[in-house]
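Novice: Predicted structure and sequence below. I'll ask about it afterward.
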Amino acid sequence: MSLHSEGFAVRVLLLAIVVGAVAIGTITTAQAQAPDNPQPKVEVFGGYSLLRPGVNVDGTAANLDALPAGWGAAATFNFAPHIGLTADFGGHYHTFDAQDTQVAGADVHVGTIMFGPHLEARTTHFALFGEALFGLHRISVSVPTVATFSDNAFGLAVGGGVDIHVSRHVDVRPVQLDFVHSKHTLSSLGGGTTPDPDVSFNSLRYRAGLNFLLGVAPPGPPPSATCSVNPTDVYAGEPVTATAQGMNFNPKRTLSYNWSGSGGKLTGKGSTASIDTTGLAPGAYNVGATITDGHKGEASCRASFNIKERPKNPPQVSCSASPSSVMAGTPSAVTCRCSSPDNTPDYPVQASISNWSASGGSISGSGNTATLDTTGASAGPITATATCTDSRGLSSRATASVNVEVPPAPPQASKLNEITFARNSARVDNTAKAILDDVALRLQREADARAVIVGFAEPKELKPTTLAAQRAANAKEYLTKEKGIDPGRIETRTGSGGGMKADIWIVPAGASFNEPGTEVVNVPPTKVPYGRHAAPAHKKKKAATQ
């Protein structure tokens, strides 16, 4: 009995080469390991192994299509990133059943002990590896009651596989495919001869099992995040910018940001967000971000900002009057300017004037201007007052002063004195002269003044109308001839009231004499000096008859 190579050996070899090339190419182009699946120092694999030897016995009698019963084990020491050294062990067994009549009950055992380089690259979920192994390839055939044959030869295995990362120390290996090659020199079994004693084993090996990871570097710090805002203290309406920064995330992954906040209109875009604080009440608010990497990496952070209390300064108001000094009856325009010192473009505070009042006269206004009417006002200052109120209800008051000057009363004629006369007489006696002397002095001091002399007479006196005029004329003559007063400065009148007298009035410049019940007269003085009185007429008539 002998073992021969089958025709599919070349196809198996090509398939193994392709699989190994793909695995090795993937590994060598890997950029870096995932932080959550680092390369361990030592890997220990153990699991099931199936071998398809690629040969048969005598070409027809007993096919070795597959050795389904087998095991595989390997230990890999990783001495550099992606590079390790593997010690591989395997055993495959098969017992021919009764249908294989020539070798019924025969046991076949194929075992390997190989060493070689190991290349791998790890991602978050997977580890891809490839290896080239060299060492012992042993085949042993035992036919009951016939013979036992074994042969040791050089063997090589090229292949690779994939591990699924399930925990820090355990990977599940669903598939490992290797091309295993060896050449054995077979001798006769049971007296038979082998036509071709050199038989090539071009086998395809499949393995699956668990890969235990030893010496795994402790995991790095978990992902974290920090948040900041700028500025931290603002007035409502001023913008705030929030920034989030992630740390310890896998640099190969794209981070996503989910923003949230306790107040304001939040607009997030990547690692930054803008906050519209319009309408926020004074107080503390916060904004936060949750950063994720699309896998298990997640971190959150928060930052706070403060809405400051707006200053509540009362409005500023100032008032002025034009003109600031007027004669009574002349109006004055009062203007007030009113504004809030807290008014800003992002926080408008409006202010307006109202409640006009005045301490004298009358005032009426609308908006920032008012008119002060000083008609009938007394001399002195008048205070005009206005109130400035802003849109928050705060108010201030301001005043403007208008000085009112009352023109002096027009000059008026005034009675200076009076002189008296004897009954039926127009004579200016010494008493009257003394009074007239004072009148002359007044007229001399007040050169622009004039005098009015109003004569009166009793109805029972002789010729009372003429007598009243003569009394005024005699007084004027004394002032002009004796005291040198210009006659043009003295006016004579008669009055309607009774009395044996003459009233003397002083009329200042600019004044007029309009005393009721008087009229202007212009008669010559009596011949008797200063009105010497003649004897009564009836007495003269009586003397003529004697």
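Specialist: Thanks, I have it.
Novice: ok, residues contacting stretch 386-393?
Specialist: The contact list for stretch 386-393, computed with CB atoms under 8 Å, 6 or more residues apart in numbering, reads 312, 314-317, 319, 334, 336, 338, 340, 348-357, 365, 370, 395-399. Any C-beta I mention is one placed from the backbone N, CA and C, and that applies to glycine too.
Novice: S224: what's it in contact with?
Specialist: Counted by CB under 8 Å, 6+ apart, S224 has contacts G246, M247, N248, A299, C301.
Novice: Can I get the buried part of the residues you listed as one PyMOL selection?
Specialist: Buried residues within the contacts of S224, by 16 or more other CB atoms under 10 Å, are selected in PyMOL with:
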select buried, resi 246+299+301
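Novice: May I ask which two of the contacts of S224 are separated the most?
Specialist: Greatest spacing in the contacts of S224, by CB to CB: N248 and C301 (13.0 Å).
Novice: isn't P525 right up against L479?
Specialist: No - the pair P525 and L479 fails to qualify as a contact (CB atoms under 8 Å) at a distance of 11.3 Å.
Novice: Where do the strands of the stretch 401-546 of the chain begin and end?
Specialist: Along the stretch 401-546 of the chain, the segments classed as strands by DSSP state E, counting those that start in this stretch run 414-420, 450-455, 490-495, 501-507, 518-520.
Novice: Could you check the angle the third one makes with strand 501-507?
Specialist: Between the axis of strand 490-495 and that of strand 501-507 there is an angle of 130 degrees, by axes from the mean of the first three to the mean of the last three CA atoms, to 10 degrees.
Novice: which residues touch strand 490-495?
Specialist: By CB under 8 Å, 6+ apart, strand 490-495 touches 450-456, 465, 468-469, 472-473, 476, 479-480, 503, 513, 515, 517-523.
Novice: rewinding a little: just the ones of the contacts of stretch 386-393 in strands?
Specialist: Using DSSP state E, 316-317, 319, 334, 336, 338, 351-357, 365, 370, 395-399 are the members of the contacts of stretch 386-393 that sit in strands.
Novice: So which of the strands of the stretch 401-546 of the chain is the most surrounded?
Specialist: Mean neighbours per residue, mean count of other CB atoms under 10 Å, is largest over the strands of the stretch 401-546 of the chain for strand 450-455, with a mean of 25.
Novice: which intervals of the stretch 151-300 of the chain have sub-threshold pLDDT?
Specialist: 186-197 (pLDDT under 70).
Novice: What segments of it are strands?
Specialist: According to DSSP E, counting those that start in this stretch, the stretch 151-300 of the chain carries its strands in the segments 170-185, 198-214, 224-230, 233-234, 240-247, 256-261, 265-269, 272-276, 283-292, 298-307.
Novice: would you list those in CSV and tack on distance to L443?
Specialist: Formatted as CSV, the entries for the strands of the stretch 151-300 of the chain read as follows, by distance: least, CB to CB, whole Å:
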stretch, distance to L443
strand 170-185, 141
strand 198-214, 140
strand 224-230, 95
strand 233-234, 87
strand 240-247, 93
strand 256-261, 99
strand 265-269, 95
strand 272-276, 92
strand 283-292, 90
strand 298-307, 88
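Novice: Which pLDDT value does the model give V57?
Specialist: If you check V57, the pLDDT there is 46.
Novice: same check, this time on the one 10 residues further on
Specialist: Looking at L67, its pLDDT is 80.
Novice: how about it, what does it touch?
Specialist: By CB under 8 Å, 6+ apart, the contact list for L67 reads L50, L51, R52, P53, H92, Y93, H94, V108, V110.
Novice: Closest one of those residues to G268?
Specialist: Comparing the contacts of L67 against G268 with CB to CB picks out L50 as the nearest, at 54.5 Å.
Novice: What is the neighbour count of the closest residue to the closest one other than its chain neighbours?
Specialist: In this structure, L50 finds its nearest non-sequential neighbour in Y206, 4.6 Å apart by CB to CB, 6 or more residues apart in numbering. For Y206, the count of nearby residues is 18 (other CB atoms under 10 Å).
Novice: where in the stretch 351-500 of the chain is pLDDT low?
Specialist: Across the stretch 351-500 of the chain, the ranges flagged by pLDDT under 70 are 464-465.
Novice: Count residues in the vicinity of T330, would you?
Specialist: Using other CB under 10 Å, T330 has 16 neighbouring residues.
Novice: Surely it touches A377?
Specialist: No - proximity of T330 to A377 does not meet the contact threshold set by CB under 8 Å, at 9.9 Å.
Novice: Let me see the contact set for the residue nearest to L50.
Specialist: By CB under 8 Å, 6+ apart, the contact list for Y206 reads S49, L50, L51, V175, Q176, L177.
Novice: tally of neighbours for the third one?
Specialist: Yep, that's L51 we're talking about. When counting by other CB under 10 Å, one arrives at 27 neighbours for L51.
Novice: now do the fourth one
Specialist: For V175, the number of neighbouring residues by other CB under 10 Å comes to 12.
Novice: Helices of this structure, residue ranges please.
Specialist: Here the chain has its helices, by DSSP state H, at 9-28, 430-445, 464-477, 537-545.
Novice: same for the third one, what does it pack against?
Specialist: So that's helix 464-477. strand 450-455, strand 490-495, strand 501-507 (3 or more CB pairs under 8 Å, 6 or more residues apart in numbering; DSSP states H and E).
Novice: Mind putting those strands into JSON lines with distance to K265?
Specialist: Below are the helices and strands packed on helix 464-477 laid out as JSON lines (distance: least, CB to CB, whole Å):
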{"stretch": "strand 450-455", "distance to K265": "92"}
{"stretch": "strand 490-495", "distance to K265": "95"}
{"stretch": "strand 501-507", "distance to K265": "88"}
